[in-house]
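> Task: produce atomic coordinates for the following.
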Amino acid sequence: MTTAPADAETSELRRRARLRFLQGRQKALAADTLWGHEQCAEALALRRDALAEAVAAAQILADDRIEWTRALAESGLTADDVAAARATHRELTGEAFPTLDAQLGPRDEAHYVALTRAQEAVDRALAASLVVPEDSRTLRLVPVAAIVALALAGAALGAWRLFREERTAAASAQLDVPPGFPPAKAIDGDATTEWLLPHATPGWIDVRFGRPRALRAVRVLNAHNRGFNDLATHDYRVEAFAGDRLVGAARGAFPGINPAGPWARHPIDARGVTRVRVWVDSVHGAAGGLGEVDFE
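A predicted model of the protein is given here:
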């Protein structure tokens, strides 16, 4: 009878901790859904809230030293693992995350992965004590590797457009007259700048990716030599490579010089793509080039 108050106190601690734990998992699953659908700014903020719930649950449960020790032992984690997750929470609590998807960059992608890893560590420590049979219908505990893969998959399937993944451009040649028409102008996201070849010179432009990526389509915008509207590509070829292996190709032709575009889209379904080359085979006017090369 003398242990009843202590038992009641432990039960109340577990109830409060379990509520915060489940709220954290619910927010985490919602964040991953948003991330996978390219609502990345909202997903990032929700991921931080999810980790806050998990840390709060851990702090509540840690008030019962016996229960906390058992939870760590059954999870296979150490106190240092959880402390590292808490440190991530403290570090990113004061971080000013972007509020618009268009403002996100590679640093924010890294933050999403860090938040995910941290929460999974805390959740593993909590699960043994706080998950009960009725949770199995609504709770999905995902291994760290799987959830991080989901975050990276979100980047591969769409968020790369927001992050402007690392790309570099090289070309067989370029027109060296002011204001300058280097290949980088074709991947800068600015349709008013262009890569142009020297007069009467066919050639190519290569776009290389910082890491292999999946590809659904290549989009190209023709050049027109802004202000003069006298240079453009006619016939061209698109080739996608995984290392030295050709994994996709397409051909196209622009009917004439058109300062207003339009874009030409070529479906190319490939994985592990490391670079894309666009060949300029014939031109309108004295030279050809491209205004932009982009990817889906």
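
> Can you list the buried residues in the strand ranked longest in the chain?
Assignment by DSSP state E gives strand 203-222 as the longest strand of the chain. Neighbour-count burial for strand 203-222, counted by 16 or more other C-beta atoms under 10 Å, picks out 203-209, 213, 215, 218, 220-222. Heads up, the C-betas are built off the backbone N, CA and C, glycines and all.

> before we move on, what about stretch 289-296?
When burial is assessed from 16+ other C-beta under 10 Å, stretch 289-296 yields the following buried residues: 289-295.

> Those in strands, which ones?
Among these, the ones falling in strands (DSSP E) are 289-295.

> ok, Arg47 to Ala57 distance?
16 Å (C-beta to C-beta, to the nearest Å).

> circling back: out of the ones in strands among the buried residues of stretch 289-296, the closest to Ala114 would be?
For those, the closest approach to Ala114 (C-beta to C-beta) belongs to Phe295, at 26.6 Å.

> hang on, the earlier thing: for the longest strand of the chain, name the packing helices and strands.
strand 167-171, strand 235-242, strand 245-253, strand 263-280, strand 289-295 (3 or more C-beta pairs under 8 Å, 6 or more residues apart in numbering; DSSP states H and E).

> For Gly189, which of these is the nearest?
Between Gly189 and those, the tightest spacing by C-beta to C-beta is seen for strand 289-295, at 7.4 Å.

> Each with direction, which strands does the closest one pair with?
Strands adjacent to strand 289-295 in the sheet, as given by DSSP bridges, are strand 195-196 (antiparallel), strand 203-222 (antiparallel).

> Now do it: distance to the chain's middle.
In terms of C-alpha atoms, centre = their mean, to the nearest Å, the centre of strand 289-295 is found 22 Å from the chain centre.

> What mean pLDDT does it get?
Mean pLDDT, computed over strand 289-295, is 95.

> just stretch 111-130 next, same as before
The average pLDDT for stretch 111-130 rounds to 78.

> mind listing what's buried in that stretch?
For stretch 111-130, burial by neighbour count (16+ other C-beta under 10 Å) applies to 111-112, 114-127, 129-130.

> likewise stretch 249-259?
In stretch 249-259, counting by 16+ other C-beta under 10 Å, buried: 250, 252, 254, 257, 259.

> Stretch 34-42 now?
So stretch 34-42, judged by 16+ other C-beta under 10 Å, has buried residues 34-36, 38-42.

> do the same with stretch 85-92
Of the residues in stretch 85-92, those buried (16+ other C-beta under 10 Å) are 85-86, 88-89, 92.
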